[in-house]
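Participant: Turn this into a structure:
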Amino acid sequence: MFTPSTPYIKSLGNGFTIKSVASVEDVERVAKFNAAAFGPQEESMSRALILSHPDTRPEHWLYAEEDSTGLVVASLCLIPWRWNYAGVELRSGELGICATLENYRNRGLIRALNVRHKDLLREGGFHLSHIQGIPYFYRQFGYEYALPLEGGWEIELRQIPDDEPVGFSFRPAVIEDIPTLARLCDEARAAFAISSLREEGVWRYFFEAGPEREQASTSLFCSIGLVSRWATGSSNTMGLGKDSTSARCRAWTMPAPARCCRSSRVRRSLAANRISG
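Facilitator: Have a look, this model is predicted:
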């Protein structure tokens, strides 16, 4: 559901205007821009984040519009996170889904959008900001390398033995499994000084409105109890594709090899039966 807010509009005086999402039509424009910049999967993800994520707001989604054509030529957003740092809860505003159309680069549009992003951080009482992006590029905006990203290892499906373990089964997760998911996540987070926190509303988002790939990742997590991305705080989502050819264990605390092999068998079965979530 779209919740109206006070729109942000600022002319840059060079033929471009910075705006925030102010209508359902703007949601679609930004979603389609992100799809053009990053691929079709970003359209549904952007739409879901704007309309359904419990912590995002329309004013968190910013874009640069060409005055003469009304074309969206650059965009970024603020995605709120809750982090735990050695027992202290922090609010972090991710600088996410950041892009400029190729023909409009080197005009300072991302720099102008970033100024408003920083204002939102201050206005929202965020303690810090983080980003996953082009190496070195975002240092000009004050970002530095701080944490490892996407730790883990990979098993090719061809490497998995055919024999199945006794007493093992799996199923897709459902909303009723949220308490179990949350408990597993909390147990995994206890091993780290820095981790992400998720309340029930965010878990429900993954089931009810999140993109298909996020729902799939949640399903596998619940089925086999792996310590996966939910514990690491990564905003990347390595879910199960319908044509999966390999199995990834995205974890900083590694399960036993036998358990990871069993998880890979689950992925192979899901891929064979063309089930993605």
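Participant: mind checking the SS state of residue 207?
Facilitator: Look at residue 207: counting by DSSP: H, G, I helix; E, B strand; the rest coil, its state is helix.
Participant: In the stretch 51-200 of the chain, mark out all the helices, start to finish.
Facilitator: 109-123, 178-189, 200-208 (DSSP state H, counting those that start in this stretch).
Participant: so which of those comes closest to residue 43?
Facilitator: Of all the helices of the stretch 51-200 of the chain, helix 200-208 sits nearest to residue 43, with 17.2 Å by C-beta to C-beta. All C-beta spots, glycine's among them, are computed from the backbone N, C-alpha and C.
Participant: quick one: average pLDDT of the closest one?
Facilitator: In this model, helix 200-208 has a mean pLDDT of 91.
Participant: Just give me how far that helix sits from the chain centre.
Facilitator: Chain-centre distance of helix 200-208: 13 Å, with C-alpha atoms, centre = their mean, to the nearest Å.
Participant: ok, back up a step: including distance to residue 172 and mean neighbour count, could the helices of the stretch 51-200 of the chain go into CSV?
Facilitator: Output for the helices of the stretch 51-200 of the chain, formatted as CSV (distance: least, C-beta to C-beta, whole Å; neighbours: other C-beta atoms under 10 Å):
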stretch, distance to residue 172, mean neighbour count
helix 109-123, 36, 17
helix 178-189, 12, 16
helix 200-208, 10, 17
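Participant: Looking at those helices, spot the one closest to residue 75.
Facilitator: Of all the helices of the stretch 51-200 of the chain, helix 109-123 sits nearest to residue 75, with 7.4 Å by C-beta to C-beta.
Participant: related to what we said a few turns ago, is it possible to get TSV of the helices of the stretch 51-200 of the chain that adds distance to residue 53?
Facilitator: TSV is the format used below for those (distance: least, C-beta to C-beta, whole Å):
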stretch	distance to residue 53
helix 109-123	15
helix 178-189	16
helix 200-208	5
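Participant: Which one of the ones you listed lies nearest to residue 63?
Facilitator: When those are ranked by proximity to residue 63, the top entry is helix 109-123, at 7.6 Å, counting by C-beta to C-beta.
Participant: Against which helices or strands is the closest one packed?
Facilitator: Contacts defined by 3 or more C-beta pairs under 8 Å, 6 or more residues apart in numbering; DSSP states H and E place helix 109-123 against strand 16-20, strand 61-66, strand 72-85, strand 88-100, strand 128-130.
Participant: Which positions within the shortest one qualify as buried?
Facilitator: Using 16 or more other C-beta atoms under 10 Å as the test for burial, strand 128-130 gives 129, 130.
Participant: For residue 4, what are phi and psi?
Facilitator: When read as degrees, to the nearest 10, the backbone of residue 4 gives phi -60, psi 150.
Participant: give me every residue that touches it.
Facilitator: 22, 23, 58 (C-beta atoms under 8 Å, 6 or more residues apart in numbering).
Participant: Ok, residue 32 next?
Facilitator: Neighbouring residues of residue 32 by C-beta under 8 Å, 6+ apart: residue 43.
Participant: quick revisit: out of the contacts of residue 4, who has the most neighbours?
Facilitator: In terms of neighbour count, residue 58 stands highest of the contacts of residue 4 at 22 neighbours, by other C-beta atoms under 10 Å.
Participant: Setting the sequence-adjacent residues aside, check what's closest to that one.
Facilitator: Leaving aside its sequence neighbours, residue 58 sits nearest to residue 21 (C-beta to C-beta, 6 or more residues apart in numbering; 4.3 Å).
Participant: my read: the one you found touches residue 47, true?
Facilitator: No. Contact criterion C-beta atoms under 8 Å: residue 21 and residue 47 do not qualify, at 10.9 Å.
Participant: Touching both of these two, which residues are there?
Facilitator: With contacts defined as C-beta under 8 Å, 6+ apart, the residues shared by residue 21 and residue 47 are residue 27.
Participant: The two: which is more packed in?
Facilitator: Per other C-beta under 10 Å, whichever of residue 21 and residue 47 has more neighbours is residue 21, with 28 against 20.
Participant: How about residues contacting stretch 13-28?
Facilitator: 2, 4-5, 7-12, 30, 46-47, 50-51, 58-68, 73, 107, 109, 112-113, 116.
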